[in-house]
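Okay, here's the prediction I keep looking at, along with the sequence it came from:
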Amino acid sequence: MAPLVLVSGWAYPSRALEPLGRLLAPDPRFQDGNELVAGSSPAARLAGSLPGSTVLVGWSMGGMLAIEAALLTPERVRALVLVNTTPRFSAGDGFRAGHPAERLMVLVRGMGRDPEVALAGFFALASATSGEEGIEERVRDGKRIGEDHLLRGLDYLARTDLRDAVPGLRAPTLVCHARKDRIVPGRAGKWLAERVPGAAAELSLPGAHDLPVNAPGVLAPRIRAFLDALNS
């Protein structure tokens, strides 16, 4: 099997994707999207770290980074899987499938005032199934990432717009989206599925934005079937 690299989303450490990675490959590799966006040229850093003929799985902000990396080094990306991903995080400038821009600004201000409260609100929105205990654990993990990294991630989300670039993707692509995603609207997944050349799509999966964390067993069979079809 081709090397598998999974890239985490905003406020989630890369280890949050370990259960999904283990269901997909015997020796998956992980990249923390928060660490990538904390430095300069995050997509170039991701692209440069990829082994040849990689299956690249990006979730949310990690999916945006994965799109950029696949465009930068198409020769290194055998296949691309985008989970609850969008080409542009905030709605506006003719893009109606994004997260409300004012909510992003509220999150930015909240991180400056009380990161713990802001993160708790984000994780509650990201999950349709986690109880309070699960959210508290996510908040602890998010705080370990560091406020500076998290704020840089929000800046990346605010300024990145990949709409014009997406049609240039050449890797076989699977677009997956959870039907209860309240962070990245389902319309964003539909937008990608319609504009990535030849994309396959699973656009109504049971679960919420945190689908890869809370229900890896739902997501993994779809990804495996997609990869098996490529190899058949």
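Arrived safely, thanks for sending.

can you give me the strands in the chain?
Remark: strands assigned in the chain by DSSP state E are 4-7, 29-31, 54-59, 77-83, 173-178, 200-205.

Tell me which other helices or strands the helix or strand of the chain with the lowest mean pLDDT touches.
Every helix and strand in the chain was compared by mean pLDDT, DSSP states H and E; the lowest is helix 132-145, with a mean of 88. Packing partners of helix 132-145 (3 or more Cβ pairs under 8 Å, 6 or more residues apart in numbering; DSSP states H and E): helix 115-126. Just so you know, the C-beta spots here come from the backbone N, C-alpha and C atoms, and that holds for glycine as well.

by contact count, what packs against the helix it packs on?
Packed next to helix 115-126, using 3+ Cβ pairs under 8 Å, 6+ apart, are helix 101-113, helix 132-145.

Out of these, the one nearest Pro42 is which?
Among the helices and strands packed on helix 115-126, helix 132-145 comes nearest to Pro42, with 14.4 Å by Cβ to Cβ.

Would you mind listing the buried residues in the closest one?
134-135, 138-139, 141-142, 145 (16 or more other Cβ atoms under 10 Å).

With stretch 35-52 instead?
If you call a residue buried by 16+ other Cβ under 10 Å, then stretch 35-52 has these buried ones: 35-38, 42-43, 45-47, 50.

Return the subset of those lying in helices.
The members of the buried residues of stretch 35-52 that map onto helices under DSSP state H are 35-37, 42-43, 45-47.

before we move on, the earlier item: highest average neighbour count across the strands of the chain?
Greatest average neighbour count among the strands of the chain goes to strand 54-59 (a mean of 28), per mean count of other Cβ atoms under 10 Å.

and the lengthiest helix in the chain, what's its mean pLDDT?
The longest helix of the chain (DSSP H) is helix 216-231. For helix 216-231, the mean pLDDT works out to 96.

Off-centre distance for it?
17 Å (Cα atoms, centre = their mean, to the nearest Å).

Equivalent analysis for stretch 155-165, please.
Using Cα atoms, centre = their mean, the offset of stretch 155-165 from its chain centre is 13 Å.

what's the answer for stretch 185-202, then?
14 Å.

Distance of the most far-flung residue of the chain relative to its centre relative to Tyr12?
The centre of the chain is farthest from one residue, Ser232, which by Cα atoms, centre = their mean lies 27.2 Å away. For Ser232, the distance to Tyr12 (Cβ to Cβ, to the nearest Å) stands at 33 Å.

again, but for Ala158
Ala158 is 18 Å from Tyr12, by Cβ to Cβ.

again with Ala215
To Tyr12, Ala215 is 14 Å away according to Cβ to Cβ.

Neighbour count: the two, which is higher?
Using other Cβ atoms under 10 Å, the more surrounded residue of Ala215 and Tyr12 is Tyr12, with 25 against 18.
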